[in-house]
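>>> Give me a 3D structure for the following:
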Amino acid sequence: MLRGAVSLFLEKGYEGTTTAEIARAAGMTPSSFFRAYPSKEALLLELVRRMFSGQFALAQQHSGPTDPVVLYAVETAIQLHIAELSEPLRDLYVTGYSLPTTSAYIYHSTAKRLQVIFGPYLPQLQAKDFYEMELASAGMMRSFMSVPCDLYFTIEAKISRFLDCALTLYHVPQKQREEIIHFVLHLDLRTMAVGIIQSTVMQAEQGFALLPELDQDTHDRKEERK
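Purely as a prediction, here's the structure:
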């Protein structure tokens, strides 16, 4: 099902793809979709987890181990670049930041990392504060993603503006913000973005192996239900 969904989402976007089409692409009857997933949104949630894990891993390779703020900047810049690769990808990412389950996953998983990344800049804040601030920065991300780049609003301008707004929100000093933005803009972000999508397609074609991060997510959700 995931293999069929990836292919269709990249071609038609999330909204343009039906559960019946996904089932047929998987070589099954339309009704069989709901034996695998309770809804199309549930399938997208699994895909979002895998794609965000890939983004984080790639960002780590290019940001260096010393500054977690740079890691955050590289990862968010990759996301913005992915959304510019095609309109179906824009639709997929904007939808991920909009639907209840997928957006909740993004908020909670990102908020945990934000406290580690930006805690030194905001030592008085608690976990709930970083969750609330993630709602603000994720809202900015969704807005920036949803507006296509053009001659006047280039991808470089989009990334610069988003990072300046987001890093200001987390009290990163201006000089450091400028240095980080300069570093990020000199990376080959398009190649990195294409690599994420190619890796996702390749994993789908080979049959996704369950990632360690997903095992941990499943464990965490079980513990929360207890």
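
>>> can you list the weak-confidence ranges in this protein?
Across the chain, the ranges flagged by pLDDT under 70 are 54-66, 207-226.

>>> 80 - rerun?
51-66, 200, 203-226 (pLDDT under 80).

>>> Closest to the centroid, which residue in it?
Phe52 (4.5 Å; Cα atoms, centre = their mean).

>>> I'd say it and Ser109 touch.
Yes: contact between Phe52 and Ser109 holds when scored by Cβ atoms under 8 Å: they sit 7.2 Å apart. (C-beta placed from N, C-alpha, C; glycine too.)

>>> quick one: buried residues of stretch 40-50?
Across stretch 40-50, burial judged by 16 or more other Cβ atoms under 10 Å covers Lys40, Glu41, Leu43, Leu44, Leu45, Glu46, Leu47, Val48, Arg49, Arg50.

>>> hang on, I meant stretch 163-182
By neighbour count on 16+ other Cβ under 10 Å, the buried set for stretch 163-182 is Leu163, Asp164, Ala166, Leu167, Tyr170, Val172, Arg177, Ile180, Ile181.

>>> what's the most distant pair in the residues you listed?
Tyr170 and Ile181 (13.9 Å; Cβ to Cβ).

>>> mind listing the helices in this protein by residue range?
Assigned by DSSP state H, the helices in the chain fall at 2-12, 19-25, 33-36, 40-63, 68-83, 87-96, 100-118, 127-146, 155-169, 174-185, 189-206, 212-225.

>>> Can you tell me how far the residue of the chain positioned farthest from its centre is from Lys12?
Largest separation from the mean C-alpha position in the chain: Thr29, at 30.7 Å (Cα atoms, centre = their mean). According to Cβ to Cβ, to the nearest Å, Thr29 and Lys12 sit 20 Å apart.

>>> likewise Cys149?
22 Å.

>>> Quick check: closest non-adjacent residue to Leu85.
If you skip the residues right next to it in sequence, Leu85 has Ala193 as its closest partner in space, 6.0 Å away by Cβ to Cβ, 6 or more residues apart in numbering.

>>> count of neighbours near that neighbour?
Residues lying near Ala193 (other Cβ atoms under 10 Å) number 23.

>>> does it really touch Ile82, like I thought?
Yes: using Cβ under 8 Å, Ala193 is in contact with Ile82, at 4.5 Å.

>>> list the contacts for the closest residue to His171 other than its chain neighbours?
In space, His171 comes closest to Tyr121 once its chain neighbours are excluded; the distance is 4.4 Å by Cβ to Cβ, 6+ apart. Residues near Tyr121 by Cβ atoms under 8 Å, 6 or more residues apart in numbering: Tyr170, His171, Val172.

>>> Contact partners for the second one?
So that's His171. By Cβ under 8 Å, 6+ apart, the contact set of His171 is Phe118, Tyr121, Leu122.

>>> now the residues you listed as CSV including distance to Ile155?
Output for the contacts of His171, formatted as CSV (distance: Cβ to Cβ, whole Å):
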residue, distance to Ile155
Phe118, 25
Tyr121, 27
Leu122, 29
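
>>> Tell me how far the closest residue to Ser137 other than its chain neighbours lies from Thr102.
Of all residues not flanking Ser137 in the chain, Ala166 sits nearest, at 5.0 Å (Cβ to Cβ, 6+ apart). Going from Ala166 to Thr102 by Cβ to Cβ gives 20 Å.

>>> same check, this time on Leu135
Taken as Cβ to Cβ, the span from Leu135 to Thr102 is 14 Å.

>>> and those two? which has more neighbours close in?
Neighbours were counted for Leu135 and for Thr102 using other Cβ under 10 Å; Thr102 has more, 23 against 12.
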